[in-house]
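> Need a 3D model of the sequence below.
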Amino acid sequence: MTTGRNNRAMMEGVGARVVRGPDWKWGKQDGGEGHVGTVRSFESPEEVVVVWDNGTAANYRCSGAYDVRILDSAPTGIKHDGTMCDTCRQQPIIGIRWKCAECTNYDLCTTCYHGDKHHLRHRFYRITTPGSERVLLESRRKSKKITARGIFTGGRVVRGVDWQWEDQDGGNGRRGKVTEIQDWSAASPHSAAYVLWDNGAKNLYRVGFEGMSDLKCVQDAKGGSFYRDHCPVLGEQNGNRNPGGLQIGDLVNIDLDLEIVQSLQHGHGGWTDGMFETLTTTGTVCGIDEDHDIVVQYPSGNRWTFNPAVLTKANAVRSGDVAAGAEGGTSQFLVGDLVQICFDIDRIKLLQRGHGEWAEAMLPTLGKVGRVQQIYSDSDLKVEVCGTSWTYNPAAVTKIAPSGSAVSNASGERLSQLLKKLFETQESGDINEELVKAAANGDLAKVEDILKRPEVDVNGQCAGHTAMQAASQNGHVDVLKLLLKHNVDLEAEDKDGDRAVHHAAFGDEGSVIEVLQRGGADLNARNKRRQTPLHIAVNKGHLQVVKTLLDFGCHPSLQDSEGDTPLHDAISKKRDDMLSVLLEAGADVTITNNNGFNALHHAALRGNPSTSLQGEPGSSLCLSPGLLDASSCYNTFFLSSEHLALIYPSFSNITAGHFRGKEAKRFTSHAAHPPPAIFEAAIDIVVRISIPEAGDRE
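Modelled structure (predicted):
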C-alpha cells in the first residue's frame, strides 16, 4: 500500500501535463477547452498549482471537486517495468499504460492510445501506475475527441516563469518557434521543447521536467487530439503521504549541522554548494519520490531532493488553515505575525486580483518574510516587508510564526538575522528608486535629503510607481506635504492608471485624501478600469474614506468599465452602512450597469436571484412581469411584492396603494424591522410619482 501510494503521488505529481477537468469553473484561465498546462506543485492534498502554457498560474481543486485531468504523466517519470508499447515499441511504458481488454497481452503508451493505434472498437483498461486498479473504459469509437493546444511544434513562445538561461532568447520578450517536443532526460519523456529563437539561437527548454516551465506560449499550436473522458482525474487516487510523516505542502527546515547533512545526503541526491540556501530558509515539500526521498522547493525557485532524516517540519500554518489560538476570530492572522510572501510571480498576480492588485514594485518581496501591520475588514493584510508596506491577499502569504510566539534559541537567532536583512532598505544606486522607497517608508529626513540633489526627478518612478503614490498608499502625510512643495505631479498615473488619490483610497488613508484635495487633486479621477477613488474605497470597505470623498464633493454615481456605480458595489459587498452614506449624498438608484441592472435590481438579486419575478394582478409593484426588462420605466424602480417579501419579510402583501403619501411613510416607520436603505429610497421615489393601480393599466 505504501509503495502504491507513493507511485500514485509520482504519477499525479509534479511535471504531469494536464487539461481542464470535469468540475472546471474557472472560465478561460487555461486558455480554453483542450489547452494544456503543467503541474508545478501541490499546496496541500486538496490543492494543486498548475502553470498553463499561456503563462497563467493558479491553484485548483484535486479532492472532492476535480478541476484538472492528466493528459500525459510521462514527464513525471512513472514507468511500468516489464511492459512495452506494441505499436511504437517504447520499453518500458512511461506514463499511463493502456491495456487492451479484448486482446491477449497488448499494450499502448499514451501517445499511441490517443493516436488511434490498434482497433478503435476494442475497449481498454487504463492503468495509471504500476499495481494500481485497472479502470475499464468505453471504446474510443464511441468517445469524444478534442484537440490539445499549447506549447507544441509550431507554437510561438517567450521566456516563462522558470526561465534561468540568461539572454539565450535575445532578451526578455523576444520570441521563438517550437521546432520539436523532446525528452529533457531519458527518464522524463515529453518534458522539453526545442526552440529556434528569432535571433538564430536554438536550444532545449523544460516544459514539465520537475514541474518547470521555461517557456510561455504567445501563439499556441495543435498537439494532436485526445480522448478527454478517458484521461484520469487528478486527485482521485492522490496518495501523497510519506511514512516519515511529511506531506506535500508541508513547510520544512534543516536544523542539523552541515557535516551531518552532507553525510545523510549520500545516496539521497547528494550535496552541492548551491544547497547552502536550504540551511537558513524554510522550504515547501513539493514531491515524494519512489525511494521516499523528499523534494523541497525554496523561495528562490530552486528544488532540492533530501533524505527525510535531514528535514524537520516547520511550526507553521499553511494558507487556508485556521490558526491555532486565534480565539474568537475567523482570520488565521493577527497583527504582528511573521509571514512569508508567495514566491510564484504568476500565482501571486492572480491571487492579488481584487485584493490590492499587483504592482511591479512588489517584485522584490516575493519569497521574503514580513510582519503583519494591519488586517482589513475583508481580511486582506497590510504587510511590512523589504522596508515598505503592501496589501496582500491572505492566500498569498504563509504564516511563519504567530505574534508573540516562543521559538527556540537557535531558530530565534536565525530568524533575527533573517529579519535584519529583510527589513533593511538597500541602496540601489538609482536616485529615483531611493526616493520612492524612502517615501514608501515615511522616511522624511531621507526624502528631504534626496530632494536636495540636482539629479533627482520628484516624479521619477520605481517599478512603475512614483514617490507620491507610494507615500499616499502608506499614509505618510508629512512626506506628501514635502513633495507638494517640490511641485510633484498629483495626477501622475501608474501602469494601471491609478493616481495618488486612488492609492490613498486603497490604503484607507482619509488624511492623505484631505492633503491631496487641498493640493488640487482630481477626486473623480478614473483609472484604466474607469474606477474612481470612491469605487475603490467602497470595494475595500473603507467607510471613513467614502465619507471623506463625499464630503469633498466627489461624484457619487460615476460608472466604471462594467457600468457599476459605487452604489452597485456597496450592494455587492453587502455594506448597508455605505449604502446609506451614498444615498444621503444623492447617489442615483436608476443608473443601470452593463447587465441592465440598476441598484434596486442589484439589491433584489442579492436577496434571492432564483425567485420568480411575476406577481399576481393587483399585488405587484412591478406591473410588467419581466423585472429584468429595463425598457419599462416601472421595472426600473419596482420589484414584485412576492420578491420583496422574500428579500425582506415586511414587504408581504403590498400593493401600489401602500406607496401613496402617508401610507408609504407609515409603512416605513412601523415595519417590524426597518426596510433596507435601498428600498426606503425606492419608497421615497414612488411617493413622488403618480402610479396607476393595476386595473388602470393596459
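
> Could you chop the protein up by domain?
For the chain, the structural domains run 1-240, 251-313, 338-422, 599-696, going by automatic domain parsing.

> who wins for proximity to V538 among those domains?
Nearest to V538 among those is domain 338-422 (11.5 Å), distances taken as Cβ to Cβ. Backbone N, C-alpha and C define where each C-beta goes, glycine included.

> could you give me the average pLDDT of the closest one?
Taken as a whole, domain 338-422 has an average pLDDT of 71.

> how distant is that domain from the center of its chain?
Offset of domain 338-422 from its chain centre (Cα atoms, centre = their mean, to the nearest Å): 16 Å.

> which stretch among the domains of the chain comes nearest G464?
Distance to G464, taken as Cβ to Cβ, is lowest for domain 338-422 among the domains of the chain, at 4.9 Å.

> related to what we said a few turns ago, worst mean pLDDT among the domains of the chain?
Among the domains of the chain, domain 599-696 carries the lowest mean pLDDT (a mean of 41).

> hmm, back to that, TSV for the domains of the chain, including mean neighbour count and distance to Q461?
Below are the domains of the chain laid out as TSV (neighbours: other Cβ atoms under 10 Å; distance: least, Cβ to Cβ, whole Å):
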stretch	mean neighbour count	distance to Q461
domain 1-240	19	18
domain 251-313	17	26
domain 338-422	18	9
domain 599-696	16	38
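
> Dump those to a markdown table, plus distance to P454.
Listed next are the domains of the chain as a markdown table, based on distance: least, Cβ to Cβ, whole Å:
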| stretch | distance to P454 |
| --- | --- |
| domain 1-240 | 32 |
| domain 251-313 | 39 |
| domain 338-422 | 25 |
| domain 599-696 | 53 |
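
> Select, out of the ones you listed, the one closest to R575.
Short answer: domain 338-422, nearest of the domains of the chain by Cβ to Cβ, at 9.2 Å.

> Need the contact partners of stretch 225-238.
By Cβ atoms under 8 Å, 6 or more residues apart in numbering, the surrounding residues in contact with stretch 225-238 are 8-9, 12, 16, 18-19, 21-22, 34, 39, 45-46, 48, 61-63, 66-71, 96, 113-114, 126, 128-129, 132-133, 135, 137-138, 140, 143-148.

> how near is D257 to S263?
Per Cβ to Cβ, to the nearest Å, D257 is found 10 Å from S263.

> any idea how far the closest residue to D344 other than its chain neighbours is from V157?
Nearest non-adjacent residue to D344, counting by Cβ to Cβ, 6 or more residues apart in numbering: A57, 6.0 Å away. According to Cβ to Cβ, A57 and V157 sit 16 Å apart.

> Also W52?
13 Å.

> before we move on, what about G269?
According to Cβ to Cβ, G269 stands 30 Å off from V157.

> Name the residue closest to the centre of this protein, please.
Closest to where the C-alpha atoms of the chain average out (Cα atoms, centre = their mean) is L351, at 2.2 Å.

> so that one sits right up against A395, yeah?
Yes. Counting by Cβ atoms under 8 Å, L351 touches A395, with 5.4 Å between them.

> Any idea what T388 is bridged to?
Going by DSSP bridges, T388 is paired in beta bridges with V385.

> List the contacts of it.
361, 437, 440-441, 470, 474 are the contacts of T388 under Cβ under 8 Å, 6+ apart.

> Also G37?
Per Cβ under 8 Å, 6+ apart, neighbours of G37: 17-19, 30, 50-53, 68, 150.
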